[in-house]
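Peer 1: got a predicted structure plus its sequence, pasted below:
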Amino acid sequence: MSGRDTGTVTAVWTDFGGVLTPPIADTMQTFCSRHGMDPRALQRATLKVAREFGTDDVMEPVDTPLVSEREWIRRISEALVGEGHPPVELETIADAWFDGREVNTAWLHALAEQREAGVHVGMLSNMVPTWDDHWRRMLDPESHFDAVVLSFVVGHRKPEPGMFRLAQEQAGVPAHECVLVDDIEANCAGARAAGWNAVHFTSTADAIEELAALTGRPAAIGSNP
């Protein structure tokens, strides 16, 4: 569901994983299958490590970052071994995580249409530092976005208010003229708490329709699901 008044949004901020890419759950399943991991065991291990840093958000330790990816993986591996799972023999998961990952071209096209109509279009993502080169190889940020705000660069992350404040300053517009499009409802809730609009991304077609209503700029619905 989207946020406030229609036709008033002038700045669109899109998430990366799960919006500009297939759902995170699909990527996780592919990753686990390739490495012979039980997804439930991996989820328990990453949660255990997250709680060592005082959070239930499994990615917070590594995308702010509070710890290096190598150390994060080492701790996860120890947690997996502790419950009888083979250790993780990786120094980074970026190569496997991004291998074969596709870009949501229909959503990218819709964003381009909004940008051509004068809407500020940015990417707002909780991103692991060692993954930065990988997503940039998937799409050229300078060709598609007016600004990019990444958690590991700015030291804030969604759904923290500081992340939205920085993005709003980048766009140079009031909070009520900003919208976040994100596949995680907690991030959408954080945006709304900051005075933004939000679109909880569940399908490309629905998000395109909601975004067009918020900006007042019609957009064509592409072929992606």
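Peer 2: Okay, I see it.

Peer 1: now the strands: where do they sit in the chain?
Peer 2: Assigned strands in the chain, in chain order: 11-14, 120-125, 147-150, 178-182, 197-200 (criterion: DSSP state E).

Peer 1: quick one, the second one and strand 178-182 angle?
Peer 2: Orientation check (axes from the mean of the first three to the mean of the last three CA atoms, to 10 degrees): strand 120-125 against strand 178-182 gives 40 degrees.

Peer 1: in its sheet, what does strand 120-125 sit against?
Peer 2: Strand pairing for strand 120-125, using DSSP bridges, gives strand 11-14 (parallel), strand 147-150 (parallel).

Peer 1: thinking again about what came up before, save the strands of the chain as a markdown table, and put in distance to residue 79 and mean pLDDT too.
Peer 2: Bear in mind the C-beta positions are built from the backbone N, C-alpha and C, glycine included. Shown next, in a markdown table, are the strands of the chain (distance: least, CB to CB, whole Å; pLDDT from 0 to 100):
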| stretch | distance to residue 79 | mean pLDDT |
| --- | --- | --- |
| strand 11-14 | 33 | 98 |
| strand 120-125 | 26 | 98 |
| strand 147-150 | 27 | 98 |
| strand 178-182 | 28 | 98 |
| strand 197-200 | 31 | 98 |
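
Peer 1: okay, the ones you listed in TSV with distance to residue 158 and mean neighbour count next?
Peer 2: Listed next are these as TSV, based on distance: least, CB to CB, whole Å; neighbours: other CB atoms under 10 Å:
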stretch	distance to residue 158	mean neighbour count
strand 11-14	10	27
strand 120-125	7	24
strand 147-150	10	21
strand 178-182	7	28
strand 197-200	11	25
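
Peer 1: tell me the domain ranges of the chain?
Peer 2: According to automatic domain parsing, the chain comprises the domains 11-22+103-215, 24-98.

Peer 1: now, of the ones you listed, which is deepest in the fold?
Peer 2: The highest mean neighbour count among the domains of the chain, using mean count of other CB atoms under 10 Å, belongs to domain 11-22+103-215: a mean of 20.

Peer 1: so can I have CSV of the strands of the chain showing distance to residue 217?
Peer 2: Formatted as CSV, the strands of the chain follow (distance: least, CB to CB, whole Å):
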stretch, distance to residue 217
strand 11-14, 10
strand 120-125, 11
strand 147-150, 19
strand 178-182, 12
strand 197-200, 14
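
Peer 1: and residue 64, which of those strands is closest to it?
Peer 2: strand 147-150 (10.6 Å; CB to CB).

Peer 1: least reliable of the domains of the chain going by mean pLDDT?
Peer 2: Of all these, mean pLDDT reaches its minimum on domain 24-98 (a mean of 92).

Peer 1: what's the closest non-adjacent residue to residue 14?
Peer 2: Nearest in space to residue 14, with sequence neighbours left out and distances taken as CB to CB, 6 or more residues apart in numbering, is residue 181 at 4.9 Å.

Peer 1: wait, that neighbour touches residue 13, no?
Peer 2: Yes - between residue 181 and residue 13 there is a contact at 7.1 Å, judged by CB atoms under 8 Å.

Peer 1: in this protein, which spans are helices?
Peer 2: With DSSP state H as the criterion, the chain has helices at 24-34, 39-52, 60-63, 69-82, 94-98, 105-116, 132-138, 141-144, 151-154, 161-171, 185-193, 204-215.
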